[in-house]
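A.B. asks: Dropping the sequence and predicted coords here.
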Amino acid sequence: MRRLDPLARVGAVVLALIVLAAIFAPLLSPYPEDALDPLNSLLPPSGEHWFGTDQVGRDIFTRILYGARTSLGIVAAVLGLSALIGVTLGVIAGYAGGWTRDVIMRVTDVFLAFPALLLALATAVVLRPSVTTVIVAIAATWWPWYARLTASVAASVAKRGYVDAAQCLGVSPPAIVVRHVLPNSLTPVLVQLSNDGGGIILTAAALSYLGLGAQEPTAEWGLMIEQGQSLLTTDWWVVTFPGLAIMLTAFAFNVLGEGLRAALDPRRLPR
């Protein structure tokens, strides 16, 4: 494995800081998450309110810190659920082959036939708007990519000598999958997980912006932008800072993912 390039290291540091800010939001935030102060609504950034206040006097810096908790929680839940479903089906398809692989891959192709955002929107419309809905809607569009990726790698791993040796020794297929096929199929999945965080952040923000995701009083960056969009020309800080938070987090995920891809790519390793 090569060392991460400088840009990827910057992304890792930025992402680590965002995660720490989300974890320690109650300690870092100068005001309670749901503190209303209508008499001090739409105040510009100042020493008292670093990012200003919104329409009901809530401190935007505080809302962004708690919004990081919501957004990163969505990312973690979607990646975990998508990987659990996709990797499980992909390993089974890659190792078993034959009709089992054909059935799983055809189901995967059905989901991949729809644009990801369109399928997420359709799923979210059917369900009640909430953070849970966002997680389910996005995971429904993300798991097929992990299934296809894992199936391809697992099929290659299943042909290697140590798998044949295990079969000759009478090791059961489930044990072979768990001990040999799965561990040796995870590297590209881990890279893809880090690369997908930015896309999930943007998709979750889009669903909340459209009113299909997080609802008041939950702090969520996409919802904050939707609530302040009409104030962009007069009270710019209401939408600018949540937008910057989305952009910075997506940037950190993307450059870290690309850095990991380059570092773990065997074709780029020094000979």
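C.D. replies: Looks like it arrived, so ask away. This is a predicted model, so every value here is computed, not measured.
A.B. asks: what's the spacing between W99 and S41?
C.D. replies: W99 sits 63 Å away from S41, going by CB to CB, to the nearest Å. Any C-beta I mention is one placed from the backbone N, CA and C, and that applies to glycine too.
A.B. asks: Neighbour count: these two, which is higher?
C.D. replies: S41 (15 against 8; other CB atoms under 10 Å).
A.B. asks: Which pLDDT value goes with the more buried one?
C.D. replies: Model confidence at S41, expressed as pLDDT, equals 87.
A.B. asks: how near is it to L210?
C.D. replies: Note on S41: its distance to L210, by CB to CB, is 25 Å.
A.B. asks: Over to P217?
C.D. replies: 19 Å.
A.B. asks: remind me which residues of the stretch 101-250 of the chain are low pLDDT?
C.D. replies: Within the stretch 101-250 of the chain, no range satisfies pLDDT under 70.
A.B. asks: from what I can see V134 touches L121, true?
C.D. replies: No: if you go by CB atoms under 8 Å, V134 and L121 don't touch, sitting 11.1 Å apart.
A.B. asks: what touches both of these two?
C.D. replies: 207, 212 (CB atoms under 8 Å, 6 or more residues apart in numbering).
A.B. asks: out of the two, which sits in the more crowded spot?
C.D. replies: Neighbour comparison, V134 and L121: the larger count goes to V134, with 31 against 18 (by other CB under 10 Å).
A.B. asks: need the contact list for the nearest residue to the more buried one once chain neighbours are set aside.
C.D. replies: Spatial nearest neighbour of V134, chain neighbours left out: G213 (4.2 Å); criterion: CB to CB, 6 or more residues apart in numbering. Contacts for G213 (CB under 8 Å, 6+ apart) come out as 124, 129-131, 133-134, 204, 207, 220, 222-223.
A.B. asks: Just the buried ones from these, in ChimeraX syntax?
C.D. replies: Selection of buried members from the contacts of G213 for ChimeraX, criterion 16 or more other CB atoms under 10 Å:
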select :124,129,131,133,134,204,207,220,222,223
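A.B. asks: Report how many residues lie close to D102.
C.D. replies: Residues near D102, counting by other CB under 10 Å, number 11.
A.B. asks: ok, now how distant is it from A96?
C.D. replies: For D102, the distance to A96 - CB to CB - is 10 Å.
A.B. asks: Take the contacts of G213 and keep only those in helices.
C.D. replies: 124, 131, 133-134, 204, 207, 222-223 (DSSP state H).
A.B. asks: quick one: which of these is nearest to D37?
C.D. replies: Minimum distance to D37 across these is 19.5 Å, recorded for L223 (CB to CB).
A.B. asks: Check whether the closest one really touches L207, as I assumed.
C.D. replies: No: L223 lies out of contact with L207 (CB under 8 Å); the separation is 9.6 Å.
A.B. asks: re the thing from before, any idea which of the ones in helices among the contacts of G213 is closest to G52?
C.D. replies: Nearest to G52 among the ones in helices among the contacts of G213: L223, at 17.0 Å, using CB to CB.
A.B. asks: Look up how far S71 lies from the residue nearest to that closest one when sequence neighbours are not counted.
C.D. replies: Once flanking residues are discounted, L223 sits nearest to S208: 4.3 Å by CB to CB, 6+ apart. Per CB to CB, S208 is found 9 Å from S71.
A.B. asks: Need the residues touching each of those two.
C.D. replies: 220-221.
A.B. asks: So between those two, which is more surrounded?
C.D. replies: S71 (31 against 28).
A.B. asks: did I read that right, that one in a helix?
C.D. replies: Yes: checked against DSSP: H, G, I helix; E, B strand; the rest coil, S71 lies within a helix.
A.B. asks: Isn't it up against F253?
C.D. replies: No: the criterion here is CB under 8 Å, and S71 misses it with F253 at 10.9 Å.
A.B. asks: residues shared between the contacts of those two?
C.D. replies: Both S71 and F253 are contacted by I201, under the criterion CB under 8 Å, 6+ apart.
A.B. asks: All set now, cheers.
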